[in-house]
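Novice: What follows is a protein structure lacking sequence information:
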């Protein structure tokens, strides 16, 4: 299974700078180990407020119990709270990918609400067009991954685009866009991101 984990770190007041540096060094080493074990797939930083210390991680584990062991094995866990979102397979997911590009990455959260009274044929046709579009966007390197989220009609996408304007245009052109509420989160690479370590 794959999981999106929002990790928020709060360093206790008065902690010596050297102690913080030591634990960050151990965190980087543990991240490399977890990447080699294929538990840590990606790490990103979302937009942050001054003084905020938050990371988004894509993890793989056999089940929730194994994920908990993975997360608690990370040195920063002593100062961290983790919000775990299980990710389900999505029919339009292009599958695992190599990340060596320099373009920006974005997460999108989609919530689809089919209008009441919409004929089932029209819904099926729109979903087919969406699948074709997702396949084309994956071939073009824009759509990297797609997962189902808990709840009705919700999904999470990982995208690559030159900038925010391009990803907004891509999302707006999706066949299901008229029925979707969309939230776009720009990402920057984390220094412990396995993709950065490999590049």
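Specialist: Nice, I can see it. Computed from a predicted structure; not experimentally measured.

Novice: Sketch out the low-pLDDT regions of the chain for me.
Specialist: For the chain, applying pLDDT under 70 flags the ranges 97-102, 197-199.

Novice: domain ranges for it?
Specialist: Structural domains assigned to the chain are 2-86, 89-188, following automatic domain parsing.

Novice: okay, those domains in JSON lines with mean neighbour count next?
Specialist: Using the backbone N, CA and C atoms, a C-beta is placed for each residue, glycine as well. Shown next, in JSON lines, are the domains of the chain (neighbours: other Cβ atoms under 10 Å):
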{"stretch": "domain 2-86", "mean neighbour count": "15"}
{"stretch": "domain 89-188", "mean neighbour count": "15"}
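
Novice: Make JSON lines from these and add distance to residue 196 to it.
Specialist: Formatted as JSON lines, the domains of the chain follow (distance: least, Cβ to Cβ, whole Å):
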{"stretch": "domain 2-86", "distance to residue 196": "8"}
{"stretch": "domain 89-188", "distance to residue 196": "9"}
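
Novice: Excluding sequence neighbours, find me the nearest residue to residue 185.
Specialist: Of all residues not flanking residue 185 in the chain, residue 107 sits nearest, at 4.4 Å (Cβ to Cβ, 6 or more residues apart in numbering).

Novice: partners of the one you found in the sheet?
Specialist: Per DSSP bridges, the residues bridged to residue 107 are residue 158, residue 185.

Novice: mind listing what it touches?
Specialist: 44, 46, 56, 156, 157, 158, 159, 184, 185, 187 (Cβ atoms under 8 Å, 6 or more residues apart in numbering).

Novice: and with 7 Å instead?
Specialist: 156, 157, 158, 185, 187 (Cβ atoms under 7 Å, 6 or more residues apart in numbering).

Novice: State the distance from it to residue 154.
Specialist: Using Cβ to Cβ, to the nearest Å, one obtains 13 Å as the distance from residue 107 to residue 154.

Novice: just so I have it, where are all the helices in this structure?
Specialist: With DSSP state H as the criterion, the chain has helices at 17-36, 64-72, 120-139, 164-172, 194-198.
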